[in-house]
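Participant: sharing a model that was predicted from the sequence below.
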Amino acid sequence: MGKTMKYMESSHMYSTKFMRNSKAVGVLWGIFSVCYAIIVMVVFTQDEWIGDGDLSKSSGNFGLWRWCVDSDNGREKCRGQLTDFSTILSTAFTAATVFVGLSVLAGWTAVLFMVLFVRYSSSLVYKLCGSLQILSGL
């Protein structure tokens, strides 16, 4: 027949359940952290937030730090470089670029710090990754 595990105290049973659940929460947190970091990276790199449509005055698109306009010969003329902030559309877009860049950095750092579960206590890693993700969300 099947073996049943006997606990000396009820607190030992609750401790076992808590540890099993905390590891599951850690795995889910890691998966969702990777998804969040990918989404923020796409927002940072993608330059096609708003494109042209039927009611547009001219065709083109823009993103966080770069904008493009279709020229008469069919080629896109793009402006804005990530390495030169003076080419970005406005001060607001420059500030948004800096903050989203810091968010990308904090999000991917939190994902990399998930590896610390192997060596350090889970509470330390949860606090560290949670702090980074809160900073990333601000």
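Facilitator: Received, thanks.

Participant: buried ones in the longest helix along the chain, by neighbour count?
Facilitator: Counting by DSSP state H, the longest helix found in the chain is helix 10-45. Within helix 10-45, the residues that count as buried by 16 or more other CB atoms under 10 Å are 26, 29, 30, 33, 36, 37, 40, 44. Heads up, the C-betas are built off the backbone N, CA and C, glycines and all.

Participant: residue ranges in this protein under the pLDDT threshold?
Facilitator: 1-15, 19, 48-58 (pLDDT under 70).

Participant: how about the strands in it?
Facilitator: 60-62, 67-70, 76-79 (DSSP state E).

Participant: chain center to the first one, what's the gap?
Facilitator: Using CA atoms, centre = their mean, to the nearest Å, the mean C-alpha position of strand 60-62 is found 24 Å from that of the whole chain.

Participant: helices and strands around that strand, which ones?
Facilitator: strand 67-70 (3 or more CB pairs under 8 Å, 6 or more residues apart in numbering; DSSP states H and E).

Participant: pairing partners for the strand it packs on, with directions?
Facilitator: Applying DSSP bridges to the sheet, strand 67-70 is found paired with strand 60-62 (antiparallel), strand 76-79 (antiparallel).

Participant: and residue 68, which of those strands is closest to it?
Facilitator: strand 76-79 (4.1 Å; CB to CB).

Participant: mind listing residues that contact that closest one?
Facilitator: 47, 60, 66, 67, 68, 69, 70, 71, 87 (CB atoms under 8 Å, 6 or more residues apart in numbering).
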